[in-house]
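J.: Dropping the sequence and predicted coords here.
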Amino acid sequence: MTDAPAADRRSALRTHHGDTFDDPYEWLRAKDAAEVISHLEAENAHTDAETAHLADLRERLFEEIKGRVQETDLSVPTRRGDWWYYSRTEEGAQYGIHCRAAAEPGDWTPPTLEPGVPVPGEVVLLDGNVEAEGHEFFSLGAFDTSDDATKLLWSTDFEGDELYTVRIRDLTTGTTLDDEIPNTGGAFFTPDGTGVLYTTRDEAWRPDTLWLHRLGTPVSDDAKLFHEPDEKFWLGAGITRSRRYLVIGVGSSITSEEYLVDLTGDLTAEPRLVWPRRDGVEYSIEHAVVNGQDRLLILHNDEALDFELVSVSAADPQGERHVVLAHEQGRRLLGVDAFRDFATVEYRSEGLERVGLLDYATDAVDELAFDEPLYSAGVSGNPEWHSPFLRLGYTSFVTPGTVYDLDLATRELVLRKQVPVLGGYDPAEYGQRREWATAADGVRVPISLVWKRSFGEPGTEPRPVHLYGYGSYEHSIDPGFSVARLSELDRGVIFAVAHVRGGGEMGRQWYEDGKLLHKRNTFTDFVSCGEHLVATGVTTPKRMVAEGGSAGGLLMGAVANLAPELFAGILAGVPFVDALTTILDPSLPLTVIEWDEWGDPLHDADVYAYMKSYSPYENVRDGVEYPRILAVTSLNDTRVLYVEPAKWVARLREAGASDVLLKCEMVAGHGGVSGRYNSWKERAFELAWLLDTLGLAEA
């Protein structure tokens with residue numbers, strides 16, 4: 001082994017609520033300091049040296065991933081107005097190409113596009129590869145066409161800091177207009193196509209202001225339509241599918257408030273409040289026309305833990321409420337999409353996503369049925385107010401991403417496309433199932449398993465296991481297909497997901513029981529899942545690697561301290577491992593917003609003590625034999641700053657951890673590198689390390 005970089009200890013005292021903590025590696029926060037950049041480069045050089053023996057494996061894994069992907073491919077076209085919109089990829093090109101072709105009047109059946117075959121009448125709207133030329137990083141943000149189809153709006157980020165520059169193109173002439181709007185978040189056209197609505201962020205990276213830009217005028221003249229001063233609330237905006245209302249939404253993680261602007265009138269008119277904000281009450285709205293009346297479908301959790309759906313008059317939204325779907329414990333209502341003649345309702349029951357069609361006349365919901373025991377399904381890509389088809393997305397751990405159109409007249413699911421997996425992939429060769437671990441407090445925690453059948457059923461003999469977890473923000477890790485994962489499964493690895501509390505898999509209470517002063521449940525649930533897999537003979541500690549990213553990286557750091565003996569390795573992506581330091585500093589991006597998730601340790605001594613008891617950086621244990629650890633981060637990440645894993649790695653080494661690596665992308669953001677080939681190489685790097693840790697480097 002080569003010598004790891006040694007970060008200097010420099011005393012930096014931090015005192016809160018009578019407790020003083022000496023943070024010796026806080027100096028690494030100085031992002032622009034030459035010594036910090038030098039240290040990160042030294043970490044990268046050390047990681048390169050320590051993983052040099054995996055170069056051939058990395059290349060094999062990259063070629064395996066690439067070899068399963070149909071590199072020249074097209075999406076299923078989506079109709080909007082008189083055009084079919086789609087994207088395509090070309091072999092050797094990093095980014096997608098966004099196109100459209102004219103639709104025949106009255107034809108709602110998407111044209112069948114063949115890879116490599118020119119599309120008649122194709123118009124290239126935006127080529128991501130051209131946009132990315134000369135840049136190490138490229139991210140496409142907003143992408144919108146005007147209702148009359150004559151203009152294109154798009155925004156780009158070349159740094160990874162999620163600040164996008166908006167530009168406009170005249171599609172009738174191909175000319176890019178002089179209008180250029182920097183430092184934006186979301187952006188979209190006004191219905192008449194003469195203006196752009198966009199959001200900007202404050203110094204804490206919080207979207208807080210909605211603006212109106214009129215094409216051909218200076219950005220300095222843009223009108224401020226709405227500003228949210230409360231630093232706990234984010235702002236967003238959009239136009240209803242009916243094109244009747246502009247909806248302005250503000251919300252924290254536990255409270256929301258929405259406003260309407262009637263687009264038949266003055267866009268700059270005072271927005272009309274739907275329901276006033278009340279602490280702990282969340283709601284979202286959809287415009288529907290029921291029996292000729294303008295109604296708002298409102299999904300809310302006012303005295304309804306798993307949410308309730310009501311209908312109110314759009315003219316008087318604070319008036320009488322008609323209950324459409326009453327609250328039902330264990331059926332977590334997730335979202336509503338309103339169309340001219342019906343609405344769709346997405347909800348979660350028994351740990352799975354479900355989709356139903358809501359009849360406006362009867363309030364009855366017709367649930368769509370799918371055959372697999374574990375799957376994910378949802379409504380996606382339906383911009384039109386009225387269409388004879390409903391577009392759906394479907395996948396599972398063993399079924400590649402699939403696009404269906406539901407024929408609304410016959411209720412038949414019409415297969416439009418399934419992502420091809422080259423190399424002879426047969427889903428019947430792979431299995432998936434759910435098991436249940438018992439947590440320390442007796443709660444049953446679901447675990448999803450996927451494996452290749454030729455290696456035998458899980459539990460017949462100990463096998464290598466890759467255990468993944470997240471467990472925050474009510475975010476669910478639902479079944480999904482991965483071509484990269486096949487490289488593990490085909491080498492005998494069992495992939496498992498621990499659906500720990502703090503996520504949303506089992507309803508809103510599942511989330512509530514894994515946040516704030518219950519956060520430790522997330523960590524102990526994950527440990528219980530690992531112990532279950534060992535106790536049932538699925539694996540052994542020496543043959544199990546854990547992985548999590550972002551808030552899941554916090555989970556990894558906590559688990560490393562709680563049960564280092566349970567895992568052979570831990571892969572932590574953009575890990576939130578210096579959580580207490582971050583949440584104590586309201587000047588940092590997103591901190592104040594996060595207080596609803598983690599608590600406010602700055603003003604609450606109990607929260608401070610609780611967070612300090614689990615924050616990974618503060619709880620690294622001296623003299624403990626830690627598993628192998630690989631931490632991956634990005635210099636320009638604005639969500640979880642690079643300094644968190646940098647400090648954590650330094651502290652682990654100080655405590656005696658002998659095999660800890662840090663990989664820092666010097667030009668990337670929270671999502672890592674950009675470009676599909678770069679992303680595959682990044683995943684190949686991580687999988688090579690993981691397989692090596694499991695003793696499968698030669699497999």
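T.: Done, it's in. Worth saying up front: this structure is predicted, and the values here are computed from it rather than measured.

J.: Next up, the contacts around residue 522.
T.: For residue 522, the contacting residues are 471, 472, 500, 501, 502, 514, 555, 558, by Cβ atoms under 8 Å, 6 or more residues apart in numbering. C-beta coordinates here come from the backbone N, C-alpha and C atoms, glycine included.

J.: Max pairwise distance over those residues: which two?
T.: Longest distance between any two of the contacts of residue 522 is 13.2 Å, between 501 and 558; criterion Cβ to Cβ.

J.: Who has more neighbours out of those two?
T.: Set side by side, residue 501 and residue 558 show unequal neighbour counts under other Cβ atoms under 10 Å, the larger going to residue 501 at 29 against 24.

J.: Grab the nearest non-local neighbour of that one.
T.: Closest residue to residue 501 apart from its sequence neighbours, by Cβ to Cβ, 6 or more residues apart in numbering: residue 514 at 3.3 Å.

J.: What is the neighbour count of the one you found?
T.: By other Cβ under 10 Å, the burial measure for residue 514, its neighbour count, is 24.

J.: Would you mind measuring from it to residue 522?
T.: Relative to residue 522, residue 514 is positioned 4 Å away (Cβ to Cβ, to the nearest Å).

J.: Identify the contacts common to those two.
T.: When contacts are counted by Cβ under 8 Å, 6+ apart, residue 514 and residue 522 have 471, 472, 500, 501, 502 as shared neighbours.

J.: Which ones among those lie within helices?
T.: For the shared contacts of residue 514 and residue 522, membership in helices holds for none, with DSSP state H as the criterion.

J.: Show the contacting residues for the nearest residue to residue 321 once chain neighbours are set aside.
T.: Distance criterion Cβ to Cβ, 6+ apart; nearest residue to residue 321, sequence neighbours excluded, is residue 310 at 4.4 Å. Applying Cβ under 8 Å, 6+ apart to residue 310 gives the contacts 297, 298, 300, 321, 322, 323, 324.

J.: and if you look at residue 590?
T.: Residues near residue 590 by Cβ under 8 Å, 6+ apart: 204, 205, 206, 638, 639.

J.: so how far is the helix or strand containing residue 237 from its chain's centroid?
T.: Counting by DSSP states H and E, the element that carries residue 237 is strand 234-239. Between the centre of strand 234-239 and the centre of its host chain there is 18 Å, according to Cα atoms, centre = their mean, to the nearest Å.

J.: which residues are contacting the following helix or strand past it?
T.: Using DSSP H and E, the next helix or strand after strand 234-239 towards the C-terminus is strand 245-251. Contacts of strand 245-251 with the rest of the structure, by Cβ under 8 Å, 6+ apart, involve 197, 210, 225-226, 228, 230, 233-240, 256-263, 267, 271, 277, 282, 284-285, 287, 314.

J.: Among those residues, the buried ones, what's the PyMOL command?
T.: Buried residues among those (16 or more other Cβ atoms under 10 Å), as a PyMOL selection:
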select buried, resi 197+210+225+226+228+233+234+235+236+237+239+240+256+257+258+259+260+261+262+263+267+271+277+282+284+285+287+314
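
J.: From the contacts of strand 245-251, which land in strands?
T.: Taking DSSP state E as the definition of strands, the contacts of strand 245-251 contribute 197, 210, 225-226, 234-239, 256-262, 284-285, 287.

J.: between the worst-scoring helix or strand of the chain on mean pLDDT and strand 245-251, how many degrees?
T.: Sorted by mean pLDDT, DSSP states H and E, the helices and strands of the chain end with helix 591-598, the least confident at a mean of 94. Our comparison of helix 591-598 with strand 245-251, counting by axes from the mean of the first three to the mean of the last three Cα atoms, to 10 degrees, yields an angle of 70 degrees.

J.: Give the buried residues for the following helix or strand past helix 591-598.
T.: From helix 591-598 onward toward the C-terminus, using DSSP H and E, the following helix or strand is helix 605-614. For helix 605-614, burial by neighbour count (16+ other Cβ under 10 Å) applies to 607, 608, 610, 611, 612, 614.

J.: Let me see the ranges of the strands in the stretch 1-150 of the chain.
T.: 13-16, 19-22, 73-74, 78-80, 83-89, 97-102, 123-127, 139-145 (DSSP state E, counting those that start in this stretch).

J.: Give me the helices and strands touching the first one, please.
T.: Helices and strands touching strand 13-16, as assessed by 3 or more Cβ pairs under 8 Å, 6 or more residues apart in numbering; DSSP states H and E, comprise strand 19-22, helix 579-584.

J.: what does that strand contact?
T.: Contacts of strand 13-16 (Cβ under 8 Å, 6+ apart): 20, 21, 22, 23, 26, 581, 584, 601, 602, 608.

J.: Next, the angle from the lengthiest strand in the chain to strand 245-251.
T.: Using DSSP E, we find that the single longest strand of the chain is strand 175-189. Comparing the axes of strand 175-189 and strand 245-251 via the same axes, to 10 degrees yields an angle of 70 degrees.
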